[in-house]
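K.L.:
Sequence and predicted structure are below.
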Amino acid sequence: MQSDDPAGEDKTRVRDAATVIVLRDRATAPKILMGQRGAAAAFMPNKVVFPGGAVDPADAEVPLAAPPGETCRARLAEGAPPRLVNALAAAAVRELWEETGLVLGRPGAWPGTPPADWARFAATGHLPSAEGLTFVFRAITPPGRPRRFDARFFLVDAERIAGDPDDFSGAEEELSHLRWIPLDRVREADLPFITEVVLAEVAARVAHPGPPPSVPFFRNSDEESLFLRLHGRPMPE
């Protein structure tokens, strides 16, 4: 896991990141898994957030038992290097594991020694799987913030979790107070603005499983802020 203030980090650059929205009881009483960031965190202190974090260099080399769906891959590749697609999916699986202890994966043995950040995940006897991830939102942190991320938000049903979705015993300490919050009450929590925006998209997806018609993209730069839609483009050969 990347620390909140890694030594030597260029705080002005925009880092690619993946965020995971786990949805439970979609058809009956939808709930979302969230946790609270620490008071000393440089980015969004004390806020209630989805699990997620920056892409690590090793994520691009991680073997996926299954990639994201074709539509999701095409949209992730829009305006991004091809190698980043699997890295984003792997980062989503890793961050969910690190911050909640929940496994998105299939039983299987790793080919060789896993990267250090993946050692605990590999020890569960699973390979990471991105087949249940649906790419639903992208947003770049506005200029002037202490950290900036180009974050891709993935929605996944809790049924994809390998094991007990209430067992957070394997979580590290990035998030506290992990809990399933009813979707119709989640705005009562202390949320970042972008989380509130993403939740509107999640609510629309509850009744319509599968990839959305297009993916909203808030692109913030020093020059302008744009609201775009990602429809996907053909994957390179």
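P.N.:
Thanks, I have it.
K.L.:
Run through the residues that contact the spatially closest residue to T12 that is not a sequence neighbour.
P.N.:
Among residues not flanking T12 along the chain, R148 sits closest, at 7.5 Å (CB to CB, 6 or more residues apart in numbering). Where C-beta positions appear, they are placed from N, C-alpha and C, glycine not excepted. When contacts are counted by CB atoms under 8 Å, 6 or more residues apart in numbering, R148 touches 12-15, 140-142.
K.L.:
so how far is A80 from R148?
P.N.:
Distance, R148 to A80, by CB to CB, to the nearest Å: 16 Å.
K.L.:
Neighbour-wise, which one of the contacts of R148 leads?
P.N.:
When neighbours are taken as other CB atoms under 10 Å, the top entry among the contacts of R148 is T141 (21 neighbours).
K.L.:
Tell me the bridge partners for the residue lying closest to it once chain neighbours are set aside.
P.N.:
Closest residue to T141 apart from its sequence neighbours, by CB to CB, 6+ apart: R148 at 4.1 Å. Counting by DSSP bridges, R148 forms beta bridges with V14.
K.L.:
Helix or strand for the nearest residue to L228 once chain neighbours are set aside, just tell me which one.
P.N.:
Among residues not flanking L228 along the chain, F217 sits closest, at 4.3 Å (CB to CB, 6+ apart). Assessed by DSSP states H and E, F217 sits inside strand 215-220.
K.L.:
Need the contact partners of that strand.
P.N.:
Against strand 215-220 from outside (CB under 8 Å, 6+ apart): 75, 135-143, 194, 197, 201, 225-231.
K.L.:
so T124 sits in a strand?
P.N.:
No - according to DSSP: H, G, I helix; E, B strand; the rest coil, T124 belongs to no strand; its state is coil.
K.L.:
Need the pLDDT of it.
P.N.:
Reading off the confidence values, T124 has pLDDT 97.
K.L.:
Could you check how many residues crowd around the residue nearest to L228?
P.N.:
By other CB under 10 Å, 19 other residues sit near F217.
K.L.:
and it, how far is that from L76?
P.N.:
11 Å.
K.L.:
now L23
P.N.:
Where L76 is concerned, L23 sits at a distance of 19 Å (CB to CB).
K.L.:
More neighbours: which of the two?
P.N.:
Higher neighbour count among L23 and L76: L76, with 27 against 22, using other CB under 10 Å.
K.L.:
Before we move on, what's the pLDDT of the more buried one?
P.N.:
With respect to pLDDT, L76 scores 96.
K.L.:
just checking, what packs against whatever helix or strand it lives in?
P.N.:
Using DSSP H and E, L76 sits within helix 70-77. If you count contacts as 3 or more CB pairs under 8 Å, 6 or more residues apart in numbering; DSSP states H and E, helix 70-77 packs onto helix 84-100, strand 134-140.
K.L.:
quick one, which of the ones you listed is packed in tightest?
P.N.:
helix 84-100 (a mean of 25; mean count of other CB atoms under 10 Å).
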